[in-house]
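[1] have a look at this prediction, sequence included:
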Amino acid sequence: MQTCFPKGTTKRAFVGSCRRRTPTVCVRAAVNVEQLKALRQELFSYINSRGCNPIIVRLGWHDSGTYDKNIAEWPARGGATGSIRFKPEIDHAANKGLAIALGILGPMKKKFPEVSYADLFQMASAVAVEAAGGPKIPMRYGRKDATSPEQCVPDGRLPGAAHPFADGSTSPAEHLRRVFGRMGLTDQEIVVLSGGHTLGRARPERSGFGADKTKYTDVGPGTSSASPSGSPDRPVTPKPVGQLGTSWTANWLEFDNSYFTEVKAKRDADLLVLPTDACLFEDDGFRPYAEKYAADQEAFFADYALAQQKLSELGVEWDEGAPVTI
């Protein structure tokens, strides 16, 4: 997008027409709001039509979740920089399978080339939550992109699911606090973001956890609903059947608080409860929040929206004129 303003005025990123009455200097605006708006609208149907909400959420989280608050320099500090699109970062063990998500979003990047990769990944993650019935995330845009593989973060910054933990933690709760504490997140934010596992599945060939398939993945999501989300007002055609892995919830394309109710109840061997899930109800610091969200979906949605917004801005370097809302 090109923006023009009278010669000699302060350089600003604003959208306007060229004024020919005085000499003008034309500069490229850093943030293309029109493309951001069009992209967001298109992502809703695009993501739901493919039933790819979970992996798109995971892509955004894994790009931003590398942030280290103890490192000042950008992009060495990690966070939402779009660096996950490069090797070697996309090949880190915790990112196994996420090359698929990059392929899914590739056409969107080509269609809206002035949207940064970092903005695309975070917008798509937020849209995937909302499109699955979750809360609207109050997002801001204008993130700068890492520009080369040399700007990738080192391996090992993302959380594990069970002992032995790479950081030497002796318990799941300690590990979660170490990893998310490095990002500057609190106990409450750790618990509420864990609720994002209401979407998706663990697949043994990627994470080493879960069964090959369950009654909720082989014929699912759910056991009989025609809608993959479990909600009749958000049908997706065709319903994804014959899927692999083990889900945390029965309707694993529906964003709700069932992650907390299922982890608490441990009612069904076909639903996943990892050590880092179980500890939310076992650890004294985590338990009050987990109980709150199991009992109150509205409270979960409100807190989740704020936590994902914070996650989406970790480590961000903003372009000129940013951040912007749309």
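    Yep, that arrived.

[2] ok, which stretches of the stretch 151-300 of the chain are helices?
    For the stretch 151-300 of the chain, applying DSSP state H, counting those that start in this stretch gives helices covering 172-182, 187-194, 204-207, 215-218, 258-265, 275-282, 287-295, 297-312.

[3] would you map the strands across the chain?
    2-6, 24-28, 201-202, 246-247 (DSSP state E).

[4] state the mean pLDDT of the last one.
    Think strand 246-247. The pLDDT scores in strand 246-247 average 94.

[5] got it, and the first one?
    The pLDDT scores in strand 2-6 average 43.

[6] again, but for the second one
    Averaged across strand 24-28, the pLDDT comes to 44.

[7] what of the third one?
    Averaged across strand 201-202, the pLDDT comes to 92.

[8] what pairs with that strand, parallel or antiparallel?
    Applying DSSP bridges, strand 201-202 is found paired with strand 246-247 (antiparallel).

[9] show me where pLDDT drops low in this protein?
    1-29, 222-239, 241 (pLDDT under 70).

[10] tell me the domain ranges of it?
    Per automatic domain parsing, the structural domains of the chain span 32-158, 189-306.

[11] which of the ones you listed sits closest to S171?
    Among the domains of the chain, the nearest to S171 by C-beta to C-beta is domain 189-306 (7.1 Å). For every residue, glycine as well, the C-beta is placed using N, CA and C.

[12] could you give the number of residues near R206?
    17 (other C-beta atoms under 10 Å).

[13] returning to what we had before: any idea which of the domains of the chain gets closest to P172?
    domain 189-306 (4.1 Å).

[14] and the gap between Y293 and Q308?
    The span separating Y293 from Q308 equals 14 Å under the rule C-beta to C-beta, to the nearest Å.

[15] likewise R206?
    Distance from R206 to Q308, by C-beta to C-beta: 22 Å.

[16] re the thing from before, just put the helices of the stretch 151-300 of the chain in a markdown table and tack on distance to A118.
    Formatted as a markdown table, those follow (distance: least, C-beta to C-beta, whole Å):
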| stretch | distance to A118 |
| --- | --- |
| helix 172-182 | 20 |
| helix 187-194 | 19 |
| helix 204-207 | 24 |
| helix 215-218 | 31 |
| helix 258-265 | 27 |
| helix 275-282 | 27 |
| helix 287-295 | 29 |
| helix 297-312 | 9 |
